[in-house]
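[1] Here is a sequence with its predicted model. Questions after.
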Amino acid sequence: MNSWRRKSFFGSVILCGSAFSATALAQTTGQTLEQRLAKIEAAASGAQSAGVNAWMLICAALVLMMTGPGLALFYGGLVRKKNVLATMMQSFILMAVVTVLWALYGYSISFAEGTPFFGNLSYFLLRGVGAAPNADYAPTIPQQTFMVYQLMFAIITPALITGAFAERMKFSAMLAFMSLWTTIVYFPLAHMVWGKNGFLNAALGGTVPALDFAGGTVVHISSGFSALVCAIYLGKRLGYPKLLMPPHNLVLSFIGACMLWVGWFGFNAGSALAANSLATSAFVATHFAAAAATLGWVAAEWWRQGKPTVLGAISGAVAGLVGITPASGFVTPMSGLIIGFATGIGCFLMVTEVKKRFGYDDSLDVFGVHGTGGTIGAILTGIFATSAVNPIFKDAAGNPLPVGLIDGHAVQILNQLLGVGVSIALTVIGSIAILKVVDLVFGLRVDGEDEIQGLDFSQHGEEAYNLDLDLIATTSASHERTSPPLFNAARAENSLK
């Protein structure tokens with residue numbers, strides 16, 4: 001009896017399974033081959049888009065890391081210890097300020113359609129910027145991903161400028177200047193170079209097809225030349241150049257430089273806006289250029305000054321990263337080595353020779369590295385760009401055309417020079433005008449007493465290092481009653497420093 005029940009149970013299971021299989025088979029065979037292939041393609045496309053989106057979000061985080069903590073540490077270590085917090089705070093606060101401006105209207109001015117010089121307000125308050133891709137810019141990722149990635153470029157650009165007027169500008173004046181500068185200079189320039197129908201856009205119908213893969217003009221030339229204007233307008237720090245003003249903590253700067261090098265892969269490789277072979281090419285060219293520039297700067301410094309320094313090595317690395325930025329998505333790895341080495345030597349000469357001869361006080365050499373490196377890189381892009389890496393120019397039939405001089409397209413050098421010239425003109429004129437307005441309203445520079453005291457305390461009421469106060473606190477209880485008056489007076493004076 002039990003045997004019969006077991007057989008009946010297994011028979012029922014087999015019968016049900018057969019019926020289910022028959023139903024599934026009928027559903028499958030009811031689909032045409034085209035329908036099944038379409039489902040497979042849709043699934044594959046969805047997986048690819050998800051992978052690209054993940055890559056771009058990581059790149060956005062890497063670029064943000066370049067500002068904080070990368071640039072904050074790099075700049076913070078280069079100033080004197082009484083100004084380290086104020087210097088790092090400038091980079092940090094701009095992460096907040098520029099984000100709000102970008103969300104309100106910055107993205108729209110930069111990337112909405114409009115005139116060749118600035119976009120309209122169709123993306124005002126990020127209206128319409130969501131999960132759907134923008135086919136003109138990045139067809140495989142949500143437009144919101146593209147938006148936040150581009151935001152990180154807008155954050156670091158004004159932060160770079162702060163190194164030029166380090167140790168002497170009011171915090172309130174810095175906020176006003178950077179807010180206006182980002183609005184009047186950066187947003188329109190980003191549209192001209194990267195926006196649809198922008199004046200300098202080589203890919204989307206620009207009048208002058210200047211090549212700038214990741215920000216040689218938009219980020220580095222604009223920040224570098226604005227830095228020069230700021231340094232000259234504010235004047236020299238008290239005591240410069242007679243007093244030595246060495247970096248107070250090169251360890252901080254070393255760590256910051258390493259973070260910048262790593263973050264720059266998101267900056268350049270991410271500008272491919274896809275996880276593809278072009279991103280790989282930009283990644284490799286970026287790394288090779290940084291390495292070559294490091295060796296170039298160190299070699300020049302060793303030959304001219306007798307010793308290779310840590311400051312020289314990290315400065316050379318940043319110079320190479322700057323130089324390769326406009327070229328990274330257009331040149332081969334070997335061209336990246338050449339561009340990096342040339343930029344390292346050029347920036348070394350600008351920082352050590354030209355700056356000394358003209359006597360301006362660009363505190364942390366923003367113009368010497370970013371303005372100079374960006375210009376060298378932009379021009380060399382016109383020489384070494386090749387269709388073998390990025391066939392950006394095509395004929396009516398879709399066939400690739402020569403890109404740079406190495407391809408036989410010599411006129412591209414002229415296009416690059418025009419792009420550099422337009423960027424410099426907008427940056428210099430805009431910076432001078434904004435500085436004058438801010439100076440009238442707020443006053444740009446701290447007074448002499450505040451500068452001597454240091455911006456950490458005079459602007460923020462804080463100090464970066466309080467080891468002496470800790471020592472006093474531990475000994476005060478046991479010595480307060482027996483300490484002589486002069487000791488107590490000195491202790492009180494120290495507490496105010």
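    Alright, I've got the coordinates.
[2] so who does the nearest residue to S172 once chain neighbours are set aside touch?
    The shortest distance from S172 to any non-neighbouring residue, by C-beta to C-beta, 6 or more residues apart in numbering, is to F442 (5.4 Å). No exception for glycine: its C-beta is placed from N, CA and C like everyone else's. When contacts are counted by C-beta atoms under 8 Å, 6 or more residues apart in numbering, F442 is found next to 170, 172-173, 176.
[3] Kindly state the domain boundaries assigned to this structure.
    Listed by automatic domain parsing, the domain ranges of the chain are 49-451, 467-497.
[4] where does the stretch 1-150 of the chain dip in pLDDT?
    Scanning the stretch 1-150 of the chain with the threshold set as pLDDT under 70 gives 1-30, 33, 35-48.
[5] go again using 50 as the cut-off
    Applying pLDDT under 50 to the stretch 1-150 of the chain flags the ranges 1-2, 6-7, 9-10, 13-26, 28.
[6] Mind jotting down where the helices sit in it?
    Secondary structure of the stretch 1-150 of the chain (DSSP state H, counting those that start in this stretch): helices at 2-29, 33-65, 72-78, 84-101, 107-111, 143-161.
[7] What residues of the fifth one count as buried?
    Burial within helix 107-111, assessed by neighbour count using 16 or more other C-beta atoms under 10 Å, is assigned to 107-111.
[8] For the domains of the chain, give me JSON lines that also has distance to H460.
    Shown next, in JSON lines, are these (distance: least, C-beta to C-beta, whole Å):
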{"stretch": "domain 49-451", "distance to H460": "6"}
{"stretch": "domain 467-497", "distance to H460": "15"}
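[9] Compare these and say which comes out lowest on pLDDT.
    Mean pLDDT per stretch puts domain 467-497 lowest among the domains of the chain, at a mean of 45.
[10] sorry, back to before: can you read off the backbone torsions of the residue nearest to S172?
    Per-residue torsions, F442: phi -110, psi -30 (degrees, to the nearest 10).
[11] Surely Y137 is in contact with Q144?
    No - contact between Y137 and Q144 fails when scored by C-beta atoms under 8 Å: they sit 12.0 Å apart.
[12] Just the buried residues from the contacts of F442, in PyMOL please.
    Listed next is the PyMOL selection for buried residues among those, using 16+ other C-beta under 10 Å:
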select buried, resi 170+173+176
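[13] Closest to P158 out of the contacts of F442?
    Using C-beta to C-beta, A176 comes nearest to P158 of those, at 11.9 Å.
[14] which SSE is the residue nearest to that closest one when sequence neighbours are not counted in?
    Here the nearest residue to A176 in space, its sequence neighbours aside, is V438; by C-beta to C-beta, 6+ apart that works out to 4.8 Å. Element membership of V438 [criterion: DSSP states H and E] is helix 411-441.
[15] I'd like to know which elements the next helix or strand after that helix is packed against.
    Downstream of helix 411-441, the next assigned helix or strand under DSSP H and E is helix 448-453. Contacts defined by 3 or more C-beta pairs under 8 Å, 6 or more residues apart in numbering; DSSP states H and E place helix 448-453 against helix 455-460.
[16] circling back: so which pair among the contacts of F442 is furthest apart in space?
    The span of the contacts of F442, defined through C-beta to C-beta, is set by K170 and A176 at 9.1 Å.
[17] from the domains of the chain, which stretch is densest packed?
    domain 49-451 (a mean of 21; mean count of other C-beta atoms under 10 Å).
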